[in-house]
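Colleague: Sharing a model that was predicted from the sequence below.
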Amino acid sequence: MLDPIRSEVLIGALRRCSELSEQSGAIERVASGSAPLFSEPADATVKLVCVSDNGPSYFVTVSGDGNPDLVARATRNIQQIRWLLSERAAEPVLEPLETGVVLGRSFAVWPMLPAFPQGRVPRYLAKRLIRPDMLDWISEVYDETHTCANAVERQVIAANLTKLIEDRHHPDRLRKAAERAAERLEAEQWAPFHCVQHSDLWLGNVMLAPAGSSRSFCVIDWAGASCKGYPFFDLFRFALSANLSHRLVKARVKRQLGQQGADPVDGVSHVLCAVGDMQAQLEFFPEELFRRMAVETTDFALKVCR
């Protein structure tokens with residue numbers, strides 16, 4: 001692990017960084033930044049708004065000392081995911097303007113995105129307006145990237161489901177749902193699918209799109225994304241953060257399951273695949289938060305997919 005560094009040291013290094021200078025010229029000042037600079041969780045990124053008097057402002061993310069490759073990983077995920085998507089579906093997956101390494105930590109430079117309106121009511125209405133577009137986009141991503149899991153991938157899925165079943169820290173309802181998924185998988189009554197998965201798709205990671213975009217939003221923070229994720233996990237996480245009704249979400253799930261010729265319970269099974277995969281590679285994700293998320297998402301799936 002790298003030693004923590006002071007904010008002014010990092011900012012000074014960024015000012016001298018050639019990759020960043022190519023985009024913004026000299027950084028005159030840092031308008032805002034995360035504080036404290038390196039705090040829990042250990043892999044938290046540093047976020048800075050860099051301002052140049054002779055050009056536009058930029059948003060810079062820098063990997064924390066716990067995981068100096070994290071921002072670079074997000075960039076690699078973005079490149080892979082955009083390659084899988086059509087031009088329109090890829091538009092909300094914003095690419096960095098520049099990437100590099102400073103003081104041993106990867107960083108990326110992003111365009112400043114329009115801010116949501118100030119004030120509780122205008123902000124709420126603006127976020128409400130993008131919800132239908134978000135739901136359509138989640139469906140598009142599934143339609144363009146879903147593939148049936150092969151024999152080796154099914155073995156991994158089975159192993160992850162077994163770990164969920166045997167983990168007594170999970171509530172009985174989650175473990176029983178995992179047991180049912182495992183039984184259906186073994187009996188070949190269910191064919192798991194993979195698709196692109198953001199893994200942390202909530203309203204806090206949705207931003208207004210830049211001027212001239214055909215979409216109303218952009219999605220940020222792709223460090224935990226996977227090209228081999230699972231259907232419905234992103235949909236349910238977004239639905240929970242956006243307070244979407246079970247009826248509205250159920251209609252989306254029914255359409256996708258119908259395309260597969262699958263049983264409604266398999267919506268729950270796919271979510272448990274995602275949960276099991278995340279538990280197998282938690283890294284710096286606090287276990288308590290993970291377990292809370294797992295139960296919340298599984299409970300939502302059980303209600304929608306019954």
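Modeller: Yep, that arrived.
Colleague: Please make it C-alpha for all contacts and neighbour counts, starting now.
Modeller: OK.
Colleague: In which helix or strand does Val109 reside?
Modeller: When elements are assigned from DSSP states H and E, Val109 belongs to strand 105-111.
Colleague: Please name the strands paired to that strand in the sheet, noting orientation.
Modeller: When pairs are called by DSSP bridges, strand 105-111 turns out to pair with strand 58-62 (antiparallel), strand 98-102 (antiparallel).
Colleague: Please enumerate residues in contact with it?
Modeller: Strand 105-111 is contacted by residues 20, 57-65, 68-72, 75, 95-101 when judged by CA atoms under 8 Å, 6 or more residues apart in numbering.
Colleague: Next: stretch 85-95.
Modeller: Stretch 85-95 is contacted by residues 75, 78-79, 81-82, 110, 137, 140-141, 144-145, 209, 213, 215, 217-220 when judged by CA under 8 Å, 6+ apart.
Colleague: again, only this time at 10 Å
Modeller: Counting by CA atoms under 10 Å, 6 or more residues apart in numbering, stretch 85-95 makes contact with 74-75, 78-79, 81-84, 108-111, 134, 136-145, 196, 206-210, 213-222, all of which sit outside it.
Colleague: Show me the residues you listed that map onto helices.
Modeller: With helices identified by DSSP state H, the entries of the contacts of stretch 85-95 that belong to them are 74-75, 78-79, 81-84, 134, 136-145.
Colleague: Provide a PyMOL selection command restricted to the buried entries of the residues you listed.
Modeller: Buried members of the ones in helices among the contacts of stretch 85-95, identified by 16 or more other CA atoms under 10 Å, are gathered into one PyMOL selection as follows:
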select buried, resi 74+75+78+79+81+82+134+137+138+139+140+141+142+143+145
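Colleague: now the strand holding Val109: mean pLDDT?
Modeller: The average of the pLDDT scores along strand 105-111 is 88.
Colleague: Same question for stretch 10-26.
Modeller: 63.
Colleague: again, but for stretch 173-190
Modeller: Stretch 173-190 carries an average pLDDT of 96.
Colleague: Centre of the chain to that stretch, how far?
Modeller: 26 Å (CA atoms, centre = their mean, to the nearest Å).
Colleague: in the chain, which spans are strands?
Modeller: 29-33, 46-51, 58-62, 98-102, 105-111, 147-148, 193-197, 206-208, 217-219, 226-229 (DSSP state E).
Colleague: possible to save those strands as JSON lines with mean neighbour count and distance to Val275?
Modeller: Output for the strands of the chain, formatted as JSON lines (neighbours: other CA atoms under 10 Å; distance: least, CA to CA, whole Å):
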{"stretch": "strand 29-33", "mean neighbour count": "14", "distance to Val275": "32"}
{"stretch": "strand 46-51", "mean neighbour count": "21", "distance to Val275": "27"}
{"stretch": "strand 58-62", "mean neighbour count": "23", "distance to Val275": "27"}
{"stretch": "strand 98-102", "mean neighbour count": "18", "distance to Val275": "31"}
{"stretch": "strand 105-111", "mean neighbour count": "22", "distance to Val275": "28"}
{"stretch": "strand 147-148", "mean neighbour count": "14", "distance to Val275": "18"}
{"stretch": "strand 193-197", "mean neighbour count": "23", "distance to Val275": "12"}
{"stretch": "strand 206-208", "mean neighbour count": "19", "distance to Val275": "22"}
{"stretch": "strand 217-219", "mean neighbour count": "21", "distance to Val275": "21"}
{"stretch": "strand 226-229", "mean neighbour count": "19", "distance to Val275": "10"}
